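All I have is the shape, not the residue letters:
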């Protein structure tokens, strides 16, 4: 007989921000903030006791692996790590068969993979929640930590301005999703040769999202509350000819930060390549929130795991969203 995970769990996947109701995304962040303060909602210090999470890694990871493994354990559950070289996925077993087998053992599956199609196939075959730990198209877990970090430093993100400088990659796509779901303005400065996906921009604009795409970094950054960038070549990708040359004008340096608001913060999902997409003076400087952002991966994962794995307790009143705390940067 299949493992009884409760019919209410089937389909409660965390695949992308555009697939989840904004109210649920906000509640995940409220739960994350409560866990971070050491005051778990509903008084449940170990709400996932007895639960198990399978983590599949087809791409190497530091932050995703450590944050998810610690998050499930701190919530009372356990984690099993599967890497491509040590599982049957790397020996030809289908993704669907892997999903069916893991669903008999665990209560949720997190996957960090390449093609989005693999994520969707896993979710279609699994009878437990599936979490998108990263694909070549999106990185929604990172965005939950990013929004959490912004609000700790700058207050509510709704109505504020975030500027992106760099490749229109998977992080840029998730920022577009987040701008619509959380109600902020997003300005993307990208080389014309490396724009964000046209279908994602069209999706956002059709829903009233305030999304601007330009090749002009100064235009994007001027007056922004937050400036964000990412590596020029993502892990495991082969650098297209001339990509570094295309992106060099989009480096975030002190001059670029000076165009944003005086109290603007800088964020980067890491790992960072100092001297390429960002200078050391910026990422190691007083405006950088990159290290708070990295820490918040742990707390954001707790909110995501709770939403996926404890629907019976999800109706509990969440903690109040914290106001700006004036964190020292």
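Great, that's in hand. Here the structure is a predicted model, which means the values were calculated and not measured. Residues are numbered from 1 along each chain as shown.

tell me which element residue 228 is part of?
Here residue 228, judged by DSSP states H and E, is contained in strand 226-229.

Within the sheet, what are the partner strands of that strand, with directions?
Note on strand 226-229: by DSSP bridges, its sheet partners are strand 161-165 (parallel), strand 265-268 (parallel).

how close does the residue lying closest to residue 47 once chain neighbours are set aside get to residue 217?
Setting aside the residues directly before and after it, residue 47 is nearest to residue 310 in space (CB to CB, 6 or more residues apart in numbering), at 5.4 Å. (Each C-beta comes from the backbone N, C-alpha and C, glycine too.) Residue 310 sits 43 Å away from residue 217 when distances are taken as CB to CB, to the nearest Å.

The two: which is more packed in?
Each of residue 310 and residue 217 has its neighbours counted (other CB atoms under 10 Å); residue 217 has more, 23 against 19.

correct me, but the more buried one touches residue 165?
Yes: judged on CB atoms under 8 Å, residue 217 makes contact with residue 165 at a distance of 5.3 Å.

joint contacts of those two?
Taking CB atoms under 8 Å, 6 or more residues apart in numbering as the contact rule, residue 217 and residue 165 both touch 189, 250, 256.

how about the nearest residue to the first one, chain neighbours excluded?
What that stands for is residue 189. residue 220 (3.8 Å).

Determine the set of other helices and strands touching the helix or strand containing the one you found.
Using DSSP H and E, residue 220 sits within helix 217-221. With contacts taken as 3 or more CB pairs under 8 Å, 6 or more residues apart in numbering; DSSP states H and E, helix 217-221 sits against strand 161-165, strand 185-189, helix 254-259.

Show me what counts as buried in the last one.
In this case it means helix 254-259. Buried residues in helix 254-259, counted by 16 or more other CB atoms under 10 Å: 256-257, 259.

what mean pLDDT does that helix have?
Mean pLDDT, computed over helix 254-259, is 98.

who touches it?
165, 217-218, 221-224, 227, 264, 266, 279, 281-282, 285, 287.
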